[in-house]
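1. Please find the sequence and the predicted model below.
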Amino acid sequence: MWVFGGVAASRERNKADQQLVRKLNKAVTVYSDRIELAQKRVVKLARKPNVGDALKKRNGGALREIERNNPGIVLSTRRTPLAPGTVTLANVVVSVRGDHVGRVRAVVPLRDLAPGQKGGQLGLLRGQRLELDGKSFPLRSTPPLREPVDLTVGSEDTRAVAVRLPGRDAALITFRERSDIAARASNVRWKVVGIGLGLIAALLVIAYAVAPAIARSRLSRQQRDEAERVLAHLGDGVFVVDHHGVVRLWNQAAEAITGLRTRDVRGQKADDSIPGWATIAALVPVADRPGEGQGPSSSETVPIDIDGRELWLSVVAVALDDDTVYAFRDATHDRRLEDLRAQFVATISHEIRTPLASLHGAAMTLREHDLPAQTQDDLLEMIAEQSNRLAGLVEEILVAGQLDSGSLSVVADTFDPEELVRGVVTVAHSRVAEERDIEVTVPPGVPKVHGDGERTRQVLLNLIDNAIKYSPSGGQIDVRLTPVGDHLRFSVHDRGLGIPIGEQERIFDKFYRLDPDQRRGIGGTGLGLYICRELVRSMHGRIWVDSEPGKGTTFAFELPAEPLPAPA
């Protein structure tokens with residue numbers, strides 16, 4: 001405020017200088033306007049005989065009479081100076097029969113050059129003397145023309161501006177006391193400071209009055225910003241629909257889960273921007289408060305189709321004033337898993353029912369009939385085979401459960417891979433017809449493998465069983481060992497049905513089966529390859545498949561191996 005006051009005071013001083021300049025310019029203009037008329041008057045008067053006669057005879061009474069009849073005219077018989085405070089407009093010499101008898105001059109008082117003007121006094125400057133109000137004052141220095149300067153007049157400090165009169169050796173000067181200018185500037189400064197302090201006081205009062213509202217607004221904004229940050233990093237999708245059906249909020253998780261961009265959804269009608277909105281609005285119950293919906297979680301799983309991609313969303317809704325808040329998570333995987341589980345239960349029921357029926361029929365036959373020895377042996381062999389089949393099913397289910405719970409133990413040891421492979425192939429030979437050929441290829445100097453030999457045997461036997469199962473038309477099965485760096489690769493290749501490219505990424509998923517409806521007569525629980533993958537991973541290895549439909553499949557897995565000795 002003090003700085004602003006200083007600026008205002010400086011402007012007030014500049015204003016005073018401008019007033020002086022304007023007053024002086026006005027006086028010069030008035031002087032210039034009167035010169036022509038005064039010259040005509042003086043010339044006309046100087047030609048009158050009575051004027052020349054009065055000047056020749058130096059008749060004072062006659063001269064005074066003529067001056068009274070002609071205001072602003074001064075008659076003189078010699079070159080006498082004018083009275084202080086007057087300015088000559090015109091000056092004519094009067095001659096009678098060739099003799100100069102006197103002068104006729106037109107004069108004007110200084111006060112007449114600036115009638116009614118304020119902002120300073122007007123004086124006449126002759127050399128270094130100042131004529132003012134009929135008085136004459138000496139000056140210490142002659143001021144420059146047309147430039148406001150500080151000037152001392154008598155005992156007073158003034159601010160003055162001077163300009164030379166046209167055709168004269170004198171100059172008009174206007175001035176004003178510096179103390180008056182300083183007082184006005186100080187008044188302006190304090191007025192601005194006072195106004196500023198008043199504004200500050202008013203602002204403080206207003207701030208004090210609105211401080212609670214500001215605090216509440218700031219707190220609300222902070223809470224809103226914090227809520228937006230939380231929603232931005234929340235794993236669940238969240239969106240808000242107002243009572244007009246317009247989407248007001250669509251967080252990052254909602255965009256990531258559905259693939260619908262925020263700019264395409266926010267501010268749009270839910271019916272137009274969210275596929276399947278009619279299903280969501282109809283099926284999802286809206287609770288008045290969190291946790292008060294129907295059922296323990298008050299959520300509903302609904303399907304939506306986005307660009308041909310089916311998504312299952314688990315959605316919960318809560319009413320909030322005039323809006324409704326929806327939160328959802330992607331339940332597509334869970335839904336698929338539930339479908340697979342249901343399919344697994346149906347498959348297990350089918351897989352168990354067949355051997356149980358065979359066991360029951362064989363047992364009843366042996367119990368109620370007196371059969372030949374050969375027939376009894378055949379029935380007993382069937383009972384043993386079906387019992388092994390049931391035991392295998394139970395083993396798969398138990399191992400899968402242990403893998404899920406993390407309780408399956410894997411022995412960290414070394415074993416001879418060639419011995420293991422040949423033993424597995426011998427067992428596999430006993431399960432197939434004699435015409436089915438299983439070829440084993442083992443290079444010389446195969447290193448020992450780090451891992452659990454029994455679990456590796458289980459993996460390899462499962463892969464060979466699959467090769468046999470999915471080669472219903474027969475054909476050779478190749479089992480090969482190949483050293484690859486510091487790992488040993490086990491591979492099983494068949495020439496069977498092959499696996500479609502779109503299914504190759506899913507065959508290692510739990511409960512997944514290539515022939516779920518058993519149209520090709522190929523059974524299974526959908527756990528075998530899942531168990532293989534998890535067992536190989538538990539031994540720090542990896543497993544994969546390479547297949548071409550109709551041309552066969554190769555399953556391969558690698559396990560860490562001991563380094564081979566360097567050649568001598």
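-> Done, it's in. Residues are numbered from 1 along each chain as shown.
2. quick one: low-confidence parts of the stretch 351-500 of the chain?
-> Across the stretch 351-500 of the chain, the ranges flagged by pLDDT under 70 are 351, 354, 392-393, 396, 400, 431-435.
3. and with 80 instead?
-> 351-362, 366-371, 376, 378-379, 381-382, 384-386, 388-409, 430-436, 472-474 (pLDDT under 80).
4. Then the stretch 1-150 of the chain?
-> In the stretch 1-150 of the chain (pLDDT under 80), the answer is 1, 77-87, 89, 98, 110-121, 124-143, 145-146.
5. And the helices in it, which stretches?
-> Along the stretch 1-150 of the chain, counting by DSSP state H, counting those that start in this stretch, helices occupy 2-46, 49-57, 60-69, 110-113.
6. do the same with the chain
-> Per DSSP state H, the chain carries helices over the ranges 2-46, 49-57, 60-69, 110-113, 178-233, 252-258, 262-265, 270-273, 277-283, 332-368, 373-405, 417-429, 453-469, 528-538.
7. packing partners for the first one?
-> Spelled out, it's helix 2-46. Under the contact criterion of 3 or more C-beta pairs under 8 Å, 6 or more residues apart in numbering; DSSP states H and E, helix 2-46 touches strand 73-76, strand 86-96, strand 99-109, helix 110-113, strand 121-126, strand 156-164, strand 171-177, helix 178-233. No exception for glycine: its C-beta is placed from N, CA and C like everyone else's.
8. how many degrees apart are that helix and strand 156-164 in direction?
-> Counting by axes from the mean of the first three to the mean of the last three C-alpha atoms, to 10 degrees, helix 2-46 lies at 50 degrees to strand 156-164.
9. Would you mind confirming that Glu548 makes contact with Leu497?
-> No - Glu548 lies out of contact with Leu497 (C-beta atoms under 8 Å); the separation is 10.5 Å.
10. quick one: which of these two has more around it?
-> Using other C-beta atoms under 10 Å, the more surrounded residue of Glu548 and Leu497 is Leu497, with 21 against 12.
11. How about Gly498, nearest residue that isn't a chain neighbour?
-> Once flanking residues are discounted, Gly498 sits nearest to Pro549: 4.0 Å by C-beta to C-beta, 6 or more residues apart in numbering.
12. who's in contact with the one you found?
-> Contact analysis of Pro549 by C-beta atoms under 8 Å, 6 or more residues apart in numbering lists Leu497, Gly498, Ile499, Pro500, Ile501.
13. my guess is the third one contacts Gly550, does it?
-> The reference is to Ile499. No - Ile499 lies out of contact with Gly550 (C-beta under 8 Å); the separation is 10.4 Å.
14. Comparing the two, which residue is more hemmed in?
-> Between Ile499 and Gly550, counted using other C-beta under 10 Å, the more crowded position is Ile499 (20 against 9).
15. so what's the more buried one closest to, chain neighbours aside?
-> Ser547 (4.1 Å).
16. Identify the residues contacting that neighbour.
-> Neighbouring residues of Ser547 by C-beta under 8 Å, 6+ apart: Gly498, Ile499, Gln504, Thr553, Thr554.
17. Put together a markdown table for those, with distance to Gly453 on each row.
-> Shown next, in a markdown table, are the contacts of Ser547 (distance: C-beta to C-beta, whole Å):
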| residue | distance to Gly453 |
| --- | --- |
| Gly498 | 31 |
| Ile499 | 28 |
| Gln504 | 28 |
| Thr553 | 25 |
| Thr554 | 23 |
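18. Now list the buried members of those residues.
-> Listed as buried from the contacts of Ser547 are Gly498, Ile499, Thr553, Thr554; burial here means 16 or more other C-beta atoms under 10 Å.
19. Throw those into CSV and include distance to Val440, thanks.
-> CSV is the format used below for those (distance: C-beta to C-beta, whole Å):
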residue, distance to Val440
Gly498, 22
Ile499, 23
Thr553, 18
Thr554, 15
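20. Okay, domains of the chain per the record?
-> By the assignment in automatic domain parsing, the chain contains the domains 2-183, 234-330, 335-404, 409-560.
21. can you tell me the distance between the two ends of the shortest one?
-> Spelled out, it's domain 335-404. End-to-end span of domain 335-404 (C-alpha to C-alpha, to the nearest Å): 18 Å.
22. Pull the number of nearby residues for the residue nearest to Ala428 when sequence neighbours are not counted.
-> Leaving aside its sequence neighbours, Ala428 sits nearest to Ile464 (C-beta to C-beta, 6+ apart; 4.7 Å). If you count neighbours by other C-beta under 10 Å, Ile464 ends up with 24.
23. Ile464 and Ala561: what is the separation?
-> 21 Å (C-beta to C-beta, to the nearest Å).
24. Could you do Pro138 as well?
-> Here the criterion is C-beta to C-beta. By it, Pro138 lies 123 Å from Ala561.
25. of those two, who's got more company?
-> Per other C-beta under 10 Å, whichever of Pro138 and Ala561 has more neighbours is Ala561, with 22 against 10.
26. My guess is that one contacts Leu488. True?
-> Yes - assessed by C-beta under 8 Å, Ala561 is found in contact with Leu488 at 4.1 Å.
27. Mind listing the shared neighbours of those two?
-> In contact with both Ala561 and Leu488: Pro417, Pro447, Val449, using C-beta under 8 Å, 6+ apart.
28. Closest to Arg216 out of the residues you listed?
-> Val449 (70.5 Å; C-beta to C-beta).
29. Let me see the contact set for the closest one.
-> Counted by C-beta under 8 Å, 6+ apart, Val449 has contacts Thr414, Phe415, Pro417, Thr456, Leu488, Leu559, Pro560, Ala561, Glu562.
30. which of the residues you listed are buried?
-> Listed as buried from the contacts of Val449 are Phe415, Pro417, Thr456, Leu488, Leu559, Pro560, Ala561; burial here means 16+ other C-beta under 10 Å.
31. Those into JSON lines, with extra columns for distance to Asp330?
-> Formatted as JSON lines, the buried ones among the contacts of Val449 follow (distance: C-beta to C-beta, whole Å):
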{"residue": "Phe415", "distance to Asp330": "43"}
{"residue": "Pro417", "distance to Asp330": "42"}
{"residue": "Thr456", "distance to Asp330": "36"}
{"residue": "Leu488", "distance to Asp330": "40"}
{"residue": "Leu559", "distance to Asp330": "35"}
{"residue": "Pro560", "distance to Asp330": "36"}
{"residue": "Ala561", "distance to Asp330": "41"}
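32. Among the residues you listed, which ones are in strands?
-> Those of the buried ones among the contacts of Val449 mapping onto strands are Phe415, Leu488, Leu559, Pro560, per DSSP state E.
33. Bridge partners for the last one, pull those for me.
-> Spelled out, that is Pro560. Beta bridges link Pro560 to His487, judged by DSSP bridges.
34. Might one say that it is in contact with Arg489?
-> No - contact criterion C-beta under 8 Å: Pro560 and Arg489 do not qualify, at 11.5 Å.
35. re the thing from before, which pair in the contacts of Ser547 spans the largest distance?
-> Gln504 and Thr554 (11.4 Å).
36. what sits against the closest residue to Trp544 other than its chain neighbours?
-> Nearest non-adjacent residue to Trp544, counting by C-beta to C-beta, 6+ apart: Ala556, 6.1 Å away. Contact analysis of Ala556 by C-beta under 8 Å, 6+ apart lists Arg489, Phe490, Ser491, Val492, Ile543, Trp544, Val545, Asp546.
37. got it, and Arg140?
-> If you count contacts by C-beta under 8 Å, 6+ apart, then Arg140 has Gln128, Thr152 around it.
38. Count the residues that sit near the residue lying closest to Asp437 once chain neighbours are set aside.
-> Counting by C-beta to C-beta, 6+ apart, Asp437 lies nearest to Gln476, which is 4.7 Å off, once chain neighbours are set aside. Close neighbours of Gln476, defined as other C-beta under 10 Å, add up to 13.
39. With that, I have no additional questions.
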